[in-house]
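# need the 3D shape of this:
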Amino acid sequence: MEDDLLTRLAAAGEDILSDTALVINLETTKKTADEIEIKVEEAKVTSRKIDEAREHYRAAATRASLLYFILNDLHKINPIYQFSLKAFSVVFQNAIARAVKSEDLKQRVANLLDSISYMVFMYTSRGLFECDKLIFMAQMTFQILLTSREIDPVELDFLLRFPVTPNVTSPLDFLTNTNWGSIKSLSLMMEFRNLDRDIEASAKRWRKFVDSEYPEKEKFPQEWKNKSAIQKLCMMRALRPDRMIYAIKAFVEEKLGTKFIESRSVEFSKSFEETSPTTPMFFVLSPGVDPLKDVEKLGKKVGFTIDKRNFHNVSLGQGQETVAEHAMEVASCLGHWVILQNIHLVQAWLPTLEKKMEQCEEGAHPKYRLFMSAEPAPSPEFHIIPQVHICC
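Okay, the predicted model is just below:
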């Protein structure tokens with residue numbers, strides 16, 4: 001259009017206004033240019049609004065990222081703790097969908113943070129052994145507070161390492177030499193200056209605190225009761241290290257809420273909601289745990305049973321690998337359920353299982369589901385279970 005306009009201008013000579021078509025084209029071009037300019041300005045405004053909105057929700061994205069990397073480090077405790085980004089994304093999306101709605105933006109973001117934190121906590125906890133749950137809970141709380149700058153990293157580092165001043169003798173009969181060495185070490189920090197002197201000067205009040213059956217529920221003597229939650233944890237570790245499990249639980253409750261420390265098991269039906277044809281469910285076996293019963297119970301409720309031949313139960317062992325592969329192929333095509341038990345018994349076949357899972361996921365029937373179970377290795381060097389996209 002621009003080239004045509006230039007040609008007509010060249011041919012018009014001096015009397016441009018006599019060429020009606022040329023004048024109309026000029027007016028159209030100017031109008032188009034004005035419209036483009038307006039749209040460019042509107043696009044800039046829209047872009048700024050999008051950037052502003054994105055900044056408001058950045059806290060939620062940061063929280064999700066933080067939690068995922070905590071999950072990603074859990075394999076250092078036990079190599080069977082492996083959580084895929086794919087499964088985590090499902091949890092994240094569900095958390096956003098279930099967060100309490102609010103017209104107030106700040107409250108909406110707060111609701112998102114709470115929902116994301118709690119759902120990731122529940123998702124992860126159900127895949128951990130009982131002895132490791134407190135470690136995860138504490139790490140999650142500490143990292144959230146560090147990110148929001150609610151605790152001093154120096155104090156947290158001191159709490160975790162907790163150096164003890166050696167070769168000291170306790171002047172008080174209700175504190176051991178180790179207790180006193182911890183107090184002396186703590187007193188070197190600015191926020192705890194004179195702690196040792198105050199304890200000696202008010203021994204009767206401190207004895208009452210130390211001898212309490214539940215010291216984590218008591219107020220610290222003197223002005224020490226006004227210290228921050230993390231600082232109180234430091235003093236508790238020095239005075240009553242035997243109560244640290246309960247003190248940390250109280251700390252988590254104070255910072256994240258009661259629901260994070262309530263002992264509850266997630267119903268299998270709720271966990272099942274996070275599965276899909278491409279997201280299997282993996283069971284970590286431990287004494288007294290029989291996941292087959294839960295799978296069979298839910299399967300019967302929704303119409304998947306061995307009698308109906310749409311539920312395939314394969315207990316792995318010598319010669320069962322071919323049976324398992326055939327069951328997966330049939331199930332992915334027809335929309336059946338498959339449970340592969342004790343996959344740790346077929347180490348050599350596990351690479352083939354990974355490939356078979358990928359093959360069956362492609363174009364799988366919407367109702368297809370895969371369940372697997374395995375025992376954890378006694379030590380990291382014997383761990384053989386590969387990382388897969390699982391819903392633990």
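
# show me how far stretch 297-308 is from its chain's centre.
Between the centre of stretch 297-308 and the centre of its chain there are 32 Å (CA atoms, centre = their mean, to the nearest Å).

# buried residues in it?
L298, G299, F304 (16 or more other CB atoms under 10 Å). Any C-beta I mention is one placed from the backbone N, CA and C, and that applies to glycine too.

# what does stretch 141-160 give?
Buried residues in stretch 141-160, defined by neighbour count with 16+ other CB under 10 Å: T141, F142, Q143, I144, L145, I151, D152, E155, L156, F158, L159.

# got the domain ranges for the protein?
2-56, 156-260, 268-382 (automatic domain parsing).

# let's test this: mean pLDDT of the longest helix along the chain, rounded?
With residue count as the measure and DSSP state H as the assignment, the chain has helix 20-56 as its longest helix. Averaging pLDDT along helix 20-56 gives 76.

# now it, how far from the centre of its chain.
Distance, stretch centre to chain centre, for helix 20-56: 43 Å (CA atoms, centre = their mean).

# return the set of residues that bridge with the closest residue to R369 other than its chain neighbours.
Using CB to CB, 6 or more residues apart in numbering and skipping the chain neighbours, the partner closest in space to R369 is W337 (4.8 Å). In this structure, W337 bridges to F311, R369 when assessed by DSSP bridges.

# phi, psi for Y214 please.
phi -130, psi 70 (degrees, to the nearest 10).

# give me the number of residues near it?
Look at Y214: counted by other CB atoms under 10 Å, it has 11 neighbours.

# repeat for I80
Residues lying near I80 (other CB under 10 Å) number 22.

# where does the stretch 151-300 of the chain dip in pLDDT?
The model of the stretch 151-300 of the chain has pLDDT under 70 over residues 263-264.

# mind jotting down where the helices sit in the stretch 151-300 of the chain?
Ranges of helices within the stretch 151-300 of the chain are 153-161, 177-186, 195-201, 203-210, 229-239, 244-256, 268-272, 291-302, based on DSSP state H, counting those that start in this stretch.

# and W349, how close does it get to Y368?
21 Å (CB to CB, to the nearest Å).

# so how far is stretch 215-232 off the chain centroid?
Worked out by CA atoms, centre = their mean, stretch 215-232 lies 30 Å from the chain centre.

# distance between the ends of it?
End-to-end distance of stretch 215-232 (CA to CA, to the nearest Å): 11 Å.

# buried sites along it?
Buried-residue list, stretch 215-232, by 16+ other CB under 10 Å: P215, E216, F220, P221, W224, K227, I230, Q231, K232.

# okay, now L186: neighbour count?
Neighbourhood size, L186 [other CB under 10 Å]: 25.

# correct me, but it touches F192?
Yes. Contact criterion CB atoms under 8 Å: L186 and F192 qualify, at 4.7 Å.

# common neighbours of those two, please.
Residues touching both L186 and F192 by CB atoms under 8 Å, 6 or more residues apart in numbering: C234, M235.

# hang on, the earlier thing: K270: which of the buried residues of stretch 215-232 is nearest?
Proximity of those to K270 (CB to CB) peaks at E216, which lies at 31.8 Å.

# now do the same contact list for that closest one.
Residues near E216 by CB under 8 Å, 6+ apart: M236, R240, R243, Y246, A247, A250.

# and the fourth one, what is it in contact with?
Right, Y246. Counting by CB under 8 Å, 6+ apart, Y246 has contacts Y214, E216.

# equivalent analysis for the last one, please.
Neighbour list for A250: E216, K217 [criterion: CB under 8 Å, 6+ apart].
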